[in-house]
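Peer 1: Structure for the following, please:
(chains A and B, ligands or ions: 2)
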Amino acid sequence: MMSNGTDKIEYVSYLEHQGKYSGLRSWIFATDHKRIALLYLYAIATFFFVGAILGLLMRFELIAPGETIMKPQTYNGIFTVHGVIMIFMVVIPGLSAVFGNFFLPILIGAKDVAFPKLNLFSWWIFIFGSILAVASQFLKSGPPDTGWTFYAPYSTTTGTSVIMATTAAFVLGFSSILTGLNFIVTVHRMRAPGMKFFNMPLFPWSIYATAWIQLLATPIVGITLLMLIAERLFGIGFFDPKLGGDPLLFQHLFWIYSHPAVYIMILPAMGVITEIIPTFCQKKVYGYKAIALSSLAIAGVGFLVWGHHMYTSGMSENARWFFSLLTFIVAVPSAIKVFNWISTMYKGSIDLKPPFLFALSFIFLFIIGGTTGLILGSVATNIQVHDTSFIVAHFHYIIFGGMGFAFFAAIHYWLPKMYGKMYNFKRANIAWGSLFIGFNLLYFPQFIIGIQGMPRRYFDYPPQFQWAQIISTIGGVILISGIILMVYNLIMGVRKGEIAPANPWNGSTLEWQIPSPPSLENFDEAPVVKENPYDYI
Amino acid sequence: MDHNKTHITEYKVLAKILLLLIFCTFLTISITSFNLAAFTVTIALLIAGVKGFLVLSYFMHLKYESLLLRILVGSIFLLFIIIVLITFIDYSFR
Ligand code: HEM
Ligand SMILES: [Cu+2]
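Peer 2: Ligands and ions are numbered 1, 2, ... in the order given. Model prediction:
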């Protein structure tokens, strides 16, 4: 075991460091990337919890046909709010704002991000946008009922608080853009002396690719939402055919952002998995360059496939086959990563600790999500299942099974570094088990009834689908219990857990060479840059 | 950051670019007096493109920056053009 840095005499960790402010203000005005990361973590965890409760409420409504616990309009509001919170406030910022902020600078041997104050400002914008989003639920006009996609012309005509909700998404977008900008400059300018692009670990690579998407795609949704607001307020005819607009223009603009946005969610997740697998196999990552470049390829080609959300919308025939072709191409770099992860495990000395369990289940769930994505990418099959619960199952496998499980993997992997404490493994394993079982029980049946025609975003259904809805609701309860157990275990770990050594997993990247928790400036001596960051035998 | 390497543009150059930009603005206004049908927008956009290019090169110093930075900015514009073209695969065949 490596030496524990905390026994150095004058050593002060970032958690204890006394800056200009003390108490709460030393957090909400912190410019240290590590403290900002924790600010995001607490905010996002709270929103996730709220979103999850809303999801559970929908599940209870769907346990039987007809009205069970809420009115149809309440259901419309809840699925919209659930979507807005989960997409814009949880999974889009999620990994890059929390773990990107904390570990991008450390992994490239930097003291902080390039613009620490801008970083804090991004968090404040995020909080401001989130308050607007939550407030939209309580306005007199009632919660927005358009779905998180805000499709026009319904969104320009419904009486509910669409303006507030879209303003919230607009504001949240700024936080995302500024974070992306910050990370791009950080990667270009702040790498430790001697670290070239191809000496960086792969998590920074994925954060870098993500940052470009954040910077370039987010303004498009921003302007689209402004156009929507202008149409509602001033009757300018962008989208509503009655005013001479084109509703498909909204869908184009929305998905030009929102498909790349799904890669904002999943690329950092892939990066986390790429860090965890070599550590728990004690083996050099297989195909370093292929993984690094496939991140860039995903970011690039991911910009060109948005039309696969619009096959049934009346888009031209030529556009349909073109988008279908490109969608199949974008699946290739994702598949490359999966092959590389599995090849890394091959003949490794595998250690089934909690982070690795989460990483393994990520691969399993991501494969299901990815292959069903191809079913959706091909026009003929898409038309059959579009707007059914098959879609719901697909994107939950990708977003929750993928991004969500990667988030859980990351927190189990890096918590000892972030807090200098360790959680209980046995409880973590039980939580993982109930998360994994609950998740599959919840979403897999939705594939089956989706193919049979269960529509998405419906509050009611014919009795023939009830068997699956019951299984799903049971799965939802198991899943929530897993989440509660996991969060409890992590909090107990931070508060009462054993002191964690500097390198509990015998990892090889830079974060494991510094004490846990790190000092304010991360590196007290210049870090040693390795040719290959994963230099196990 | 090493400030000693930054390039300082002379005021004379900046003033010339400013004049050029103002001239372009008048050009944009004046073409509206000709009836060029759909081409009015095309020409206006072309002029705007030239103006953007000038601002990026001189006021934002891209002309004096490293090749990497120029390639990055260039590829953003390429991406933008590709996205517009792809959108028109829908609009022109509907
Ligand atoms: C293997 C790559 C993927 C392919 C081929 C793919 C394909 C598709 C297609 C064609 C649809 C449209 C279905 C329809 O509405 O008819 C869709 C929906 C969706 N996908 Fe994926 N996808 C992939 C990966 C991802 C990833 C990585 C994410 C997020 C992290 C994601 C999130 C979503 C979401 C949120 C929707 C639903 C959008 C809505 O509300 O309509 N997908 N996917
Ligand atoms: Cu998509």
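Peer 1: Identify the residues contacting the lengthiest helix in chain B?
Peer 2: Criterion DSSP state H: the longest helix present in chain B is helix B:67-91. Residues outside helix B:67-91 that contact it (C-beta atoms under 8 Å, 6 or more residues apart in numbering or on different chains): A:216, A:248, A:252, A:256, A:300, A:303-304, A:307, A:315-316, A:318-319, A:322, B:56, B:62. C-beta: built from backbone N, CA, C; applies to glycine.
Peer 1: how about 6 Å then?
Peer 2: Residues outside helix B:67-91 that contact it (C-beta atoms under 6 Å, 6 or more residues apart in numbering or on different chains): A:252, A:315-316, A:318-319, A:322, B:62.
Peer 1: Looking at the residues you listed, which one is closest to ligand 1?
Peer 2: Each of the contacts of helix B:67-91 was checked against ligand 1 using C-beta to the nearest ligand atom; the closest is A:M315, at 12.0 Å.
Peer 1: For the residue nearest the centre of chain B, give its distance to A:T224.
Peer 2: Closest to where the C-alpha atoms of chain B average out (C-alpha atoms, centre = their mean) is B:G52, at 2.4 Å. Using C-beta to C-beta, to the nearest Å, one obtains 21 Å as the distance from B:G52 to A:T224.
Peer 1: ok, now how distant is the closest residue to A:N489 other than its chain neighbours from A:W148?
Peer 2: In space, and not counting its chain neighbours, A:N489 is closest to A:R427: 4.2 Å by C-beta to C-beta, 6 or more residues apart in numbering or on different chains. To A:W148, A:R427 is 34 Å away according to C-beta to C-beta.
Peer 1: Same question for A:L485.
Peer 2: For A:L485 relative to A:W148 (C-beta to C-beta), the value is 29 Å.
Peer 1: Check which residues of the longest helix belonging to chain A are buried.
Peer 2: Taking DSSP H as the criterion, chain A has its longest helix at helix A:247-281. Within helix A:247-281, the residues scored as buried using 16 or more other C-beta atoms under 10 Å in any protein chain shown are A:247-281.
Peer 1: tell me the secondary structure for the residue in the stretch 1-150 of chain A positioned nearest to ligand 1?
Peer 2: Distance from ligand 1 to each residue of the stretch 1-150 of chain A (C-beta to the nearest ligand atom) is smallest for A:T149, at 5.4 Å. Three-state assignment for A:T149 (DSSP: H, G, I helix; E, B strand; the rest coil): coil.
Peer 1: Next, find the distance separating it from A:K196.
Peer 2: Distance from A:T149 to A:K196, by C-beta to C-beta: 41 Å.
Peer 1: Could you check what's spatially nearest to the spatially most central residue of chain A, not counting adjacent residues?
Peer 2: With distances taken as C-alpha atoms, centre = their mean, the residue of chain A nearest its centroid is A:V91 (3.1 Å). The shortest distance from A:V91 to any non-neighbouring residue, by C-beta to C-beta, 6+ apart, is to A:M265 (4.5 Å).
Peer 1: residues in contact with that neighbour?
Peer 2: A:91, A:399, A:403.
Peer 1: Touching, the first one and A:G402? I think so.
Peer 2: No: contact status for A:V91 versus A:G402: not in contact, 9.5 Å apart, counting by C-beta atoms under 6 Å.
Peer 1: which residues are contacting stretch A:329-341?
Peer 2: So stretch A:329-341 is contacted by A:270, A:277, A:286-287, A:290-291, A:294, A:297-298, A:301-302, A:305, A:363, A:370, A:374 (C-beta under 6 Å, 6+ apart).
Peer 1: and it, which residues are buried?
Peer 2: A:330-331, A:333-334, A:336-337, A:340-341.
Peer 1: now, which of those lie within helices?
Peer 2: Per DSSP H, the subset of these in helices is A:330-331, A:333-334, A:336-337, A:340-341.
Peer 1: Those into TSV, with extra columns for pLDDT and distance to ligand 1?
Peer 2: Shown next, in TSV, are these (pLDDT from 0 to 100; distance: C-beta to the nearest ligand atom, whole Å):
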residue	pLDDT	distance to ligand 1
A:V330	92	6
A:A331	91	4
A:P333	93	10
A:S334	91	5
A:I336	93	12
A:K337	93	11
A:N340	94	16
A:W341	95	15
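Peer 1: Show me which pair in those residues is furthest apart.
Peer 2: A:V330 and A:W341 (18.3 Å; C-beta to C-beta).
Peer 1: Tell me where the model's unsure across the chain.
Peer 2: Chain wasn't specified; assuming chain A. For chain A, applying pLDDT under 70 flags the ranges A:1-10, A:537.
Peer 1: Wait, chain B was what I had in mind.
Peer 2: B:1-6.
Peer 1: how about the residues of it near chain A?
Peer 2: Within chain B, the positions lying close to chain A (C-beta under 6 Å from any C-beta of the partner chain) are B:87, B:89-90, B:93-94.
Peer 1: Would you mind giving me the ChimeraX syntax to select the buried ones in these?
Peer 2: In ChimeraX syntax, the buried subset of the residues of chain B next to chain A is picked out as below (16+ other C-beta under 10 Å):
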select /B:87,89,90
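Peer 1: hey, where'd the helices end up in chain B?
Peer 2: With DSSP H as the criterion, chain B has helices spanning B:11-31, B:39-54, B:67-91.
Peer 1: Can you say which of those is nearest to ligand 1?
Peer 2: Among the helices of chain B, if distance is taken as C-beta to the nearest ligand atom, the winner is helix B:67-91, at 15.7 Å.
Peer 1: Just the buried positions in the closest one, please.
Peer 2: Buried, per 16+ other C-beta under 10 Å, within helix B:67-91: B:79, B:83, B:86-87, B:89-90.
Peer 1: what's the answer for stretch B:49-62, then?
Peer 2: For stretch B:49-62, by 16+ other C-beta under 10 Å, it's B:51, B:54, B:57-58, B:62.
Peer 1: How about stretch A:33-45?
Peer 2: Those would be A:33-41, A:43-44, for stretch A:33-45 by 16+ other C-beta under 10 Å.
Peer 1: Columns secondary structure and distance to ligand 1 on top of these, output as JSON lines?
Peer 2: Rendered in JSON lines, the data for the buried residues of stretch A:33-45 read as follows (DSSP: H, G, I helix; E, B strand; the rest coil; distance: C-beta to the nearest ligand atom, whole Å):
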{"residue": "A:H33", "secondary structure": "helix", "distance to ligand 1": "25"}
{"residue": "A:K34", "secondary structure": "helix", "distance to ligand 1": "26"}
{"residue": "A:R35", "secondary structure": "helix", "distance to ligand 1": "28"}
{"residue": "A:I36", "secondary structure": "helix", "distance to ligand 1": "24"}
{"residue": "A:A37", "secondary structure": "helix", "distance to ligand 1": "21"}
{"residue": "A:L38", "secondary structure": "helix", "distance to ligand 1": "24"}
{"residue": "A:L39", "secondary structure": "helix", "distance to ligand 1": "24"}
{"residue": "A:Y40", "secondary structure": "helix", "distance to ligand 1": "19"}
{"residue": "A:L41", "secondary structure": "helix", "distance to ligand 1": "20"}
{"residue": "A:A43", "secondary structure": "helix", "distance to ligand 1": "20"}
{"residue": "A:I44", "secondary structure": "helix", "distance to ligand 1": "16"}
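Peer 1: how far away is A:L216 from A:S206?
Peer 2: A:L216 is 16 Å from A:S206, by C-beta to C-beta.
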